[in-house]
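Student: pasting the sequence and the predicted coordinates here, then a few questions.
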Amino acid sequence: MDFSDFESLTLRLEDDDEKLRQVEADLAWVKEELKQKPKRD
């Protein structure tokens, strides 16, 4: 691997990390919404 390969890999990892943070934020929102919703029997 040369430097450009590492640079490309780093950019992909940063992008994936940002996507993961967004999914975690969305999941936290859904969990909060479910807490607010009245429970059905």
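Tutor: Nice, I can see it.

Student: just how off-centre is the helix or strand Leu9 falls within within its chain?
Tutor: Element membership for Leu9 (DSSP states H and E) is helix 3-36. Offset of helix 3-36 from its chain centre (CA atoms, centre = their mean, to the nearest Å): 3 Å.

Student: got phi/psi on Pro38?
Tutor: Pro38 adopts backbone torsions of phi -60, psi 140, taken as degrees, to the nearest 10.

Student: the helix holding Leu9 - what's its average pLDDT?
Tutor: If you average the pLDDT over helix 3-36, you get 96.

Student: just use 864 as the starting number from now, easier for me
Tutor: New numbering, starting at 864: the last item is helix 866-899.

Student: packing partners of it?
Tutor: Using 3 or more CB pairs under 8 Å, 6 or more residues apart in numbering; DSSP states H and E as the contact test, no helix or strand touches helix 866-899. From N, CA and C alone the C-beta is placed, and that goes for glycine too.

Student: of all the residues in it, which ones are buried?
Tutor: Across helix 866-899, burial judged by 16 or more other CB atoms under 10 Å covers no residue at all.

Student: give me the pLDDT for Asp904.
Tutor: 50.

Student: pull the contacting residues for the residue sitting nearest the centre point of the chain.
Tutor: Using CA atoms, centre = their mean, the residue of the chain that lies closest to the mean C-alpha position is Leu883, 1.9 Å off. By CB atoms under 8 Å, 6 or more residues apart in numbering, Leu883 lies in contact with nothing.

Student: cool, thanks, talk later.
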